[in-house]
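Trainee: Sequence and predicted structure below; questions after.
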Amino acid sequence: MRNQLAGTGTLLRLALRRDRVMMPVWITVVALLVLSLPASLESVYGTAAERARLLGTMNTNGSLRALYGPVFGDSIGALTAWRGGVFAGVLAGIMSLVIVVRHTREEEETGRQELLSAAMVGRRAPLTAALLAALTANGLAALLVTAGLAGRGAGGAMALGLGIGATGMLFAALAAIAAQLTESARLAKGLAGAAIGAAFVLRAAGDAGSAGGSSALTWVSPLGWLEHVRAFAAERWWVFALFAAAVAVQVAAAYALAGRRDIGMSFLPARPGPAEGRLAGPGALAWRLQRGSLIGWSLAFLAAGVVFGGMTDGATQLVGDNERTREIIERMGGQSGIADAFLATMAGMLGMIAALFIVSAVLRLSGEESGQRAEPLLANAVGRLRWAGGHLAVAFGGSALILLLAGLGLGIGHGQGVAAAVGATLAQLPAVWVIGALAALLYGAAPRYAVAAWAVAGGALTLGWIGPALNLPQAVLNLSPFAHLPKLPGAEALAWAPLLVLTALAAALLAAGLAALRRRDLAA
């Protein structure tokens with residue numbers, strides 16, 4: 001076994017060096033999501049009476065329980081765990097799957113792992129190094145959350161921090177299995193991401209039907225386990241035994257699978273596709289490569305729209321006469337009726353999440369190039385702009401499609417104003433396109449730093465999500481292109497100027513990126 005782990009330390013140092021920018025950004029976002037909440041919650045629910053009223057409202061509001069989960073206590077610490085625990089667990093899971101797949105299947109897909117394995121590197125060393133890198137990231141996130149909330153209660157802070165870290169490690173182990181099953185890093189990430197989505201849906205369905213979190217569906221979901229830790233509310237330490245057992249079983253399965261396949265192979269080989277007909281052109285090929293991802297995002301946005309639309313009346317009930325909560329929602333969603341402000345807030349949130357889709361779709365170009373699949377294609381009668389144009393059409397057109405479906409879902413869920421809801425989500429497109437165009441510019445001009453596009457999208461999401469609650473200066477919020485969009489529905493008059501300016505900016509950035517791509521050499 002020692003020989004199979006040879007070189008683990010060297011590979012771990014390499015992984016941490018490669019992730020020296022991405023990992024701290026992810027850790028900071030996960031920690032800030034939680035640590036930004038206590039001050040905001042204290043300003044909104046400053047008295048025991050207000051917190052008790054919130055507790056009573058949440059326990060009778062199934063739609064909001066589906067989003068945030070049940071409230072188990074009325075202290076600021078318990079409200080912090082309620083408001084941010086599940087979402088921090090989701091982000092920790094996404095961070096973990098990205099790290100594990102990046103240093104396992106992605107290394108094999110690009111051929112780098114085969115070169116490393118020619119040296120003194122054991123068969124299971126890459127997988128071990130990837131899991132240790134994920135453990136490092138989750139451990140640091142847990143430490144920051146624990147330290148930041150220790151003043152609210154050391155036991156509760158430790159329970160919440162460890163719960164978030166344990167959730168991340170559970171999905172890291174799941175991603176390790178997915179990396180053994182598939183030939184594609186993209187598919188491995190998709191499978192692990194789908195598992196996170198399924199866990200959220202199961203938890204939401206269970207919490208919607210049970211005020212105390214006692215539903216069997218909640219216990220099936222690892223995110224439900226995170227809830228049942230009950231940080232700052234008579235902690236249940238025994239729940240961590242479930243996390244430990246699940247991680248141990250999945251890691252053992254991943255090791256067993258890793259020992260039964262050759263490098264570059266998988267247990268679910270990719271199907272060979274046709275080389276003629278609809279796949280004769282680069283645009284059709286780009287569609288074939290990205291259609292699965294687009295379909296998944298489309299279904300998720302439609303479902304999210306329906307859920308958020310159905311929450312509108314519940315959100316109005318929750319806000320009630322709480323002026324601070326009303327100010328936060330109206331700052332995010334515009335100075336209109338609370339229902340319209342909530343819908344505008346949800347439309348803006350969906351737009352910021354759509355930025356993650358467009359970055360992923362644009363950076364598929366980088367994956368094709370680094371995987372050396374682009375060079376044989378471009379050696380034929382296919383120009384670079386035509387090749388890139390196919391993927392960019394899927395990215396920019398796909399973002400419009402998923403926001404259209406999100407708007408339809410919002411209108412259907414709310415039961416009225418479908419046209420207004422669709423207009424609200426489509427109004428997010430210029431800002432989404434600016435971020436997509438920035439990704440294209442980074443890929444075209446500096447392909448080694450194209451991954452920084454994720455930081456741009458993540459920064460916009462963080463500013464939009466946390467900024468209003470922290471009462472950040474408007475100058476800081478304006479760093480995000482989403483801050484310049486009209487707040488729809490509910491705006492008295494649609495302001496076309498910012499939409500046109502952002503669209504023109506996106507077009508200019510995209511043109512600059514394509515021009516840079518034409519001039520530079522392809523990656524060796």
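Mentor: Yep, it's here.

Trainee: Near residue 287, how many residues? Count them for me, please.
Mentor: 19 (other CB atoms under 10 Å). Quick note: C-beta positions are derived from backbone N, CA and C, even for glycine.

Trainee: Show the contacting residues for it.
Mentor: By CB atoms under 8 Å, 6 or more residues apart in numbering, the contact set of residue 287 is 390, 394.

Trainee: Please report how far it lies from residue 404.
Mentor: Per CB to CB, to the nearest Å, residue 287 is found 18 Å from residue 404.

Trainee: go on, residue 175?
Mentor: Taking CB to CB, one finds residue 175 at 31 Å from residue 404.

Trainee: show me what contacts residue 244?
Mentor: Taking CB under 8 Å, 6+ apart, one finds residue 166 in contact with residue 244.

Trainee: go on, residue 343?
Mentor: Taking CB under 8 Å, 6+ apart as the test, what residue 343 contacts is 308-309, 312, 333, 410, 414, 417, 421, 424, 489-490.

Trainee: Could you point out the helix or strand that follows the helix or strand harbouring it?
Mentor: If you go by DSSP states H and E, residue 343 is part of helix 338-362. Sequence-wise, the next helix or strand downstream of helix 338-362 (DSSP H and E) is helix 364-370.

Trainee: If you count contacts, what does that following helix end up packed against?
Mentor: With contacts taken as 3 or more CB pairs under 8 Å, 6 or more residues apart in numbering; DSSP states H and E, helix 364-370 sits against helix 185-209, helix 282-310, helix 374-378, helix 384-414, helix 429-445.

Trainee: got a winner among the contacts of residue 343 for most neighbours?
Mentor: Counting neighbours by other CB under 10 Å, the top entry in the contacts of residue 343 is residue 424, with 33 neighbours.

Trainee: tell me which residues in the host helix or strand of that one are buried?
Mentor: Under the criterion DSSP H and E, the helix or strand holding residue 424 is helix 418-426. Neighbour counts using 16 or more other CB atoms under 10 Å place 418, 420-426 of helix 418-426 among the buried residues.

Trainee: ok so, going back, residue 175 and residue 404: who's more crowded?
Mentor: Neighbour count, other CB under 10 Å: between residue 175 and residue 404, residue 175 has more, with 32 against 18.

Trainee: wait, isn't that one in contact with residue 101?
Mentor: Yes: counting by CB atoms under 8 Å, residue 175 touches residue 101, with 5.5 Å between them.

Trainee: any weak-confidence spans in the stretch 201-350 of the chain?
Mentor: 211-213, 262, 264, 266-267, 269-280, 313-338 (pLDDT under 70).

Trainee: ok, and the helix or strand in this structure with the lowest average confidence?
Mentor: The weakest-scoring helix or strand in the chain, judged by mean pLDDT, DSSP states H and E, is helix 323-333 (a mean of 54).

Trainee: And residue 371, how close does it get to residue 284?
Mentor: Using CB to CB, one obtains 19 Å as the distance from residue 371 to residue 284.

Trainee: Looking at the two, which has the bigger crowd around it?
Mentor: residue 371 (16 against 13).

Trainee: So the residue in the chain sticking out farthest from the centre, which state does it fall into?
Mentor: Centroid-distance maximum for the chain: residue 381 at 37.6 Å, with CA atoms, centre = their mean. Of the three states, residue 381 takes coil under DSSP: H, G, I helix; E, B strand; the rest coil.

Trainee: Just checking the distance from the strand or helix carrying residue 52 to the centre of its chain.
Mentor: Assigned by DSSP H and E, residue 52 belongs to helix 48-59. On the basis of CA atoms, centre = their mean, to the nearest Å, helix 48-59 sits 30 Å off its chain's mean C-alpha point.

Trainee: Equivalent analysis for stretch 167-181, please.
Mentor: 16 Å.

Trainee: and it, C-alpha only, in CSV?
Mentor: Taking C-alpha atoms only, stretch 167-181 is exported to CSV below (Å, rounded to 0.1, in the frame of the first residue of the first chain):
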residue,chain,number,x,y,z
THR,A,167,-20.5,18.4,4.1
GLY,A,168,-17.8,19.6,1.8
MET,A,169,-15.7,16.4,2.4
LEU,A,170,-18.8,14.2,1.8
PHE,A,171,-19.2,15.7,-1.6
ALA,A,172,-15.4,15.5,-2.2
ALA,A,173,-15.6,11.8,-1.7
LEU,A,174,-18.6,11.6,-4.0
ALA,A,175,-16.6,13.5,-6.6
ALA,A,176,-13.8,11.0,-6.2
ILE,A,177,-16.1,8.2,-7.2
ALA,A,178,-17.5,10.2,-10.2
ALA,A,179,-13.9,10.8,-11.4
GLN,A,180,-13.4,7.0,-11.6
LEU,A,181,-16.6,6.4,-13.4
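
Trainee: ok, back up a step: tell me what angle the helix holding residue 343 forms with helix 384-414.
Mentor: Interaxial angle, helix 338-362 versus helix 384-414 (axes from the mean of the first three to the mean of the last three CA atoms, to 10 degrees): 150 degrees.

Trainee: Now do helix 338-362 against helix 429-445, angle only.
Mentor: If you take the same axes, to 10 degrees, helix 338-362 sits at 20 degrees to helix 429-445.
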